[in-house]
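Participant: Return atomic coordinates for the entry below.
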Amino acid sequence: MGAGVNTAFIERLNATIRQRLSALVRRTRTLARWPETLTAGMYVVGCIYNLCAFHHSLRLKLSVGEHGHHWVPRTPALAAGLTDHRWTILVQAGGSYSSIREYDKLWGYLPL
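Facilitator: Predicted coordinates for the structure are as follows:
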């Protein structure tokens, strides 16, 4: 791979943002009337994309025993070493970390 930016990656990111932020989709009923609303939406989409959502291409292969392996899912923030755990949307919205741990004990991972 070259050191330059691959156009396909940028186009995939643009498509993901358009898919998750309805104000950027053509012929939608939702409008971004103020730039502040669009900016806030972009921050929310970016945080969920980088901190909450597992990415298939970033998973890590770990050996288990002699003949097996296990795939560990990772977010972009985990892969870059910016955090040591997957964040949930509840934490992103200002929820307490202890309530996340209590939820995980009862139900497992908080669904996206």
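Participant: Against H69, how distant is R20?
Facilitator: R20 is 32 Å from H69, where distance means Cβ to Cβ, to the nearest Å. C-beta here means a position set from N, CA and C on the backbone, and glycine is covered the same way.
Participant: try Y49
Facilitator: Separation of Y49 from H69 (Cβ to Cβ): 27 Å.
Participant: quick one: which of these two has more around it?
Facilitator: Ranked by neighbour count (other Cβ atoms under 10 Å), Y49 and H69 place Y49 first, with 17 against 9.
Participant: Per-residue pLDDT of that one, please?
Facilitator: Per-residue pLDDT puts Y49 at 87.
Participant: Same question for R101.
Facilitator: 55.
Participant: Pick out the residue closest to the middle of the chain.
Facilitator: By Cα atoms, centre = their mean, the chain has its centre lying nearest to Y49, at 2.5 Å.
Participant: How about the contacts made by that one?
Facilitator: With contacts defined as Cβ atoms under 8 Å, 6 or more residues apart in numbering, Y49 is in contact with 16, 20, 76.
Participant: Just confirm it is within a strand.
Facilitator: No. Assessed by DSSP: H, G, I helix; E, B strand; the rest coil, Y49 does not belong to a strand; its assignment is helix.
Participant: export the longest strand anywhere in the chain as CSV, just CAs?
Facilitator: Determined from DSSP state E, the single longest strand within the chain is strand 55-64. The C-alpha coordinates for strand 55-64 follow below in CSV (Å, rounded to 0.1, in the frame of the first residue of the first chain):
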residue,chain,number,x,y,z
HIS,A,55,-15.4,-2.8,12.6
HIS,A,56,-15.0,-6.1,10.8
SER,A,57,-11.7,-5.1,9.1
LEU,A,58,-10.1,-4.1,12.5
ARG,A,59,-10.7,-7.4,14.3
LEU,A,60,-7.6,-9.1,15.8
LYS,A,61,-6.8,-12.8,15.4
LEU,A,62,-5.7,-14.5,18.6
SER,A,63,-4.4,-18.1,18.8
VAL,A,64,-6.3,-20.4,21.0
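Participant: Thanks again, I'm all set now.
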